[in-house]
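S.K.: sequence? don't have it. structure:
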């Protein structure tokens, strides 16, 4: 999965997502050249729910079903 900047440049390429030792581990490549492993704890993951709005939910559903 790739994430882009507003100008279309690749910012993050997520290579894998795993669960290990009560953490979510993302293996990523940042700006096409810097590999990293990102550890996300349960406490930090729960904070994502504060960022989700109704508009975001409908936008995601629309993205999933559009071409």
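M.R.: Sure thing, it's come through. Values in this document were obtained by computation on a predicted structure and should not be read as measured data.

S.K.: can we go C-alpha only for contacts and neighbour counts from here?
M.R.: Will do.

S.K.: And the helices in the protein, which stretches?
M.R.: Residue ranges of the helices in the chain, as given by DSSP state H, are 42-46, 54-65.

S.K.: Could you export those as CSV, including mean neighbour count and distance to residue 35?
M.R.: Listed next are these as CSV, based on neighbours: other CA atoms under 10 Å; distance: least, CA to CA, whole Å:
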stretch, mean neighbour count, distance to residue 35
helix 42-46, 11, 21
helix 54-65, 10, 27
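
S.K.: Just give me the longest strand of the chain.
M.R.: Ranked by number of residues, the top strand in the chain under DSSP state E is strand 10-20.

S.K.: sorry, back to before: among the helices of the chain, which comes closest to residue 6?
M.R.: In terms of CA to CA, the element of the helices of the chain nearest to residue 6 is helix 54-65, at 17.3 Å.

S.K.: from the chain's centre, how far out does the closest one sit?
M.R.: Here helix 54-65 is found 15 Å from its chain centre; the criterion is CA atoms, centre = their mean, to the nearest Å.

S.K.: lowest-pLDDT helix or strand in the protein?
M.R.: helix 42-46 (a mean of 92; mean pLDDT, DSSP states H and E).

S.K.: who touches residue 35 in this structure?
M.R.: 27, 28, 29 (CA atoms under 8 Å, 6 or more residues apart in numbering).

S.K.: What about these, which are in strands?
M.R.: 27, 28, 29.
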